[in-house]
Structure formats: C-alpha cells, structure tokens
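[1] Curious how this folds, go ahead:
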Amino acid sequence: MNYLLPMVTIAAVLQACGAQKITRFTSCLMGRGPTLRLDCRYMNVTNNQLRYEFKLKRRKEPEIILSTINLNHFNDKYHNRASVHTERGLVQLHIERYNASDLGQYSCTVNIPQDLTINQTVTINVTRERLERCAGVALNTSWPLVLLLFMPLLQAGGFF
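    Sure, this is the predicted structure:
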C-alpha cells in the first residue's frame, strides 16, 4: 500500500496551519514628531521571504500606504513620511509627522509566498483618544535620560 500520498498531504496541511499567523497588531506614538508606530507581529516557522502591506481606511475605499505584495507600491502621500522596519516576527510601519488626517482604520497584511497559506490580515482603529505613547527606551533616547531613569538601580547596587 502506498503511504506516501497521505503523508505528503498531512505534512502540507500541518505546514499551512502553523506557518504564519498575525499574533498582534498595535499602535502607539513615539518621539517628538510625533511618529505613529504600527507593530504587526506574526508567527513564522519558515525562512521564506516575507511580503507585507499596510492600508488606511478613512471613509470608503482603503488607501494602500506601502505594499511589497503588490509590486512594491508606495503611496506618494506617504513617500517622505512612512518607513518600514522588519525583523523576524515583526513588521513596523512608522509614519512621521503624524496628524489628524492619519486617523482611521489601519490594516496589516502578511504573506509568505512559498508557504501554503493565504494572506493574513488584521485591522486596528487608530483614534486620538485611544492612542498611547510607546513604552520602553528607544535607540534615539538621550543617554542622560537613560542614566537618570536607572539612577535608583545604580544607587542600590552601590555604584553611587
């Protein structure tokens, strides 16, 4: 009896179930600009190339801000204001000089073409009332501020 076909089918189904999944999509403000940061976190168990797309829907039709899914599309309106940072498990969209016209429903789509899965898409409503400052110390945080924040810890350790 030929067991190869059922085994290949089961392996393909398992890969499709666990290969990619968006786990969290959050927004926050950072810096003085201010800059809107959208974090699209995903689970990925392969090393295949990631493709992504960010859209903004304000009224009727969604507007593509940036896409590597659709022929590396970059919206002219956001060309000088938007940038992307990617690392394994995270795609970040940064929109500089954030203002009221940037409020709306954002969506993040993740696609890994060699995987046997469809596009994963999640949305988040960005409103002025619910938008918080990003937590943590960023790379562009001034070192005197970092030292000031860690002063109690340094004093407790006997360094001062």
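
[2] Give me the pLDDT value at the residue nearest to residue 135 when sequence neighbours are not counted.
    Nearest in space to residue 135, with sequence neighbours left out and distances taken as Cβ to Cβ, 6 or more residues apart in numbering, is residue 28 at 7.6 Å. Just so you know, the C-beta spots here come from the backbone N, C-alpha and C atoms, and that holds for glycine as well. At residue 28, the predicted lDDT confidence score is 93.

[3] So residue 28 lies in a strand, does it not?
    Yes - assessed by DSSP: H, G, I helix; E, B strand; the rest coil, residue 28 belongs to a strand.

[4] so where do the strands sit in this protein?
    Assigned strands in the chain, in chain order: 20-30, 35-44, 51-57, 63-67, 73-74, 82-87, 90-95, 104-111, 120-126 (criterion: DSSP state E).

[5] burial count for residue 87?
    Counted with other Cβ atoms under 10 Å, residues neighbouring residue 87 total 7.

[6] ok, what's across the strand from it?
    residue 90 (DSSP bridges).

[7] Flag every buried residue along stretch 82-91.
    Buried positions in stretch 82-91, judged by neighbour count with 16 or more other Cβ atoms under 10 Å: 82, 84, 91.
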